[in-house]
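> only the shape, not the letters, is given here:
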């Protein structure tokens, strides 16, 4: 098994340390307070009303636990809690906001937009995998290699060091922040400035842990836990030169038979779809089973899997 340094980010654009000017700009964003967290909550709806989408999947509200105490210093993780939908009528199909892109944008990624679809009308889909590394990451990588599929692995900064030999060469590494903190809950109890500082700290820690393994690594994508997004998140992401991304279809967390979940994924495939699966936190085994079913199906329908690098 090759090491992280040998295989993780070969073929990805290398970059040096973040400049002092960029770091200063990020801190300036953190100091601004154009809105209170209450105003943000009221003005930015997280998802559409419940109903069947054109993808054949249901949209629904993000649920938060009113009684759960949020913390800044500790990590109030949302994983496996009410912040994550638990049935197929509450799936989040890419959190919707004014800044997201629904057009083609010249076929290239653009900073400052929230992507829930690829910037193309071609019969291409993108595979993204969250929350890892995990116990099944190696097997997922072997499977993807057999089909020559390149994906984005959105890693959690608190787990990335626990599995020093995981990713296959050529895949993009995205930030999933540090510890799957629930920002929907956090905005109920924290000021906007506190939330900005928390996100900046989480992003910096994740960058450090990835670069400790591969100093030349360049993270180019950000996906917030639970698909959280506000305009201030996009502003911070731009300063890190991150493309912000949610998804078109996801749901491997549902307490449903695998056959139902696989059918749901197949029904949602369309040009430009962004697929969400999980390789971390005990979901990797199911993700591998889903991949084994949907990848041959997607290819049989005349689609190809996009390499995320082709849109830069």
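Right, received. Where do you want to start? Treat the numbers as computed from the prediction; the structure is a model and nothing was measured. Numbers count the residues shown, from 1 in each chain.
> for the longest helix along the chain, which positions count as buried?
In the chain, taking DSSP state H as the definition, the longest helix is helix 192-213. Judged by neighbour count (16 or more other C-beta atoms under 10 Å), helix 192-213 contains these buried residues: 192, 195-200, 202-207, 209-211, 213. For glycine as for every other residue, the C-beta is placed from the backbone atoms N, C-alpha and C.
> and whatever helix or strand comes next after it, which strands flank it?
Later in the chain than helix 192-213, the nearest helix or strand by DSSP states H and E is strand 221-222. Here strand 221-222 is paired, per DSSP bridges, with strand 172-175 (parallel), strand 243-245 (parallel).
> looking at these, which is closest to residue 286?
Of all those, it is strand 172-175 that lies closest to residue 286, at 20.7 Å by C-beta to C-beta.
> ok, residue 172 touching residue 152?
Yes. With contact defined as C-beta atoms under 8 Å, residue 172 counts as touching residue 152 (4.4 Å).
> related to what we said a few turns ago, give the other helices and strands that the longest helix of the chain contacts.
Secondary-structure packing of helix 192-213 (3 or more C-beta pairs under 8 Å, 6 or more residues apart in numbering; DSSP states H and E): helix 20-31, helix 37-43, strand 172-175, helix 183-189, helix 231-239.
> state the mean pLDDT of the shortest one.
For strand 172-175, the mean pLDDT works out to 93.
> list the contacts of it.
Residues outside strand 172-175 that contact it (C-beta atoms under 8 Å, 6 or more residues apart in numbering): 8-9, 12, 128, 150-155, 157, 167, 203, 206-207, 210, 217, 219-223, 242, 245, 308-309.
> mind giving me the ChimeraX command for buried ones among the residues you listed?
Of these, the buried ones go into a single ChimeraX selection, burial set by 16+ other C-beta under 10 Å:
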select :8,9,12,128,150,151,152,153,154,155,157,167,203,206,207,210,217,219,220,221,222,223,242,245,308,309
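> related to what we said a few turns ago, including distance to residue 132, could the strands paired with strand 221-222 go into JSON lines?
Below are those laid out as JSON lines (distance: least, C-beta to C-beta, whole Å):
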{"stretch": "strand 172-175", "distance to residue 132": "10"}
{"stretch": "strand 243-245", "distance to residue 132": "16"}
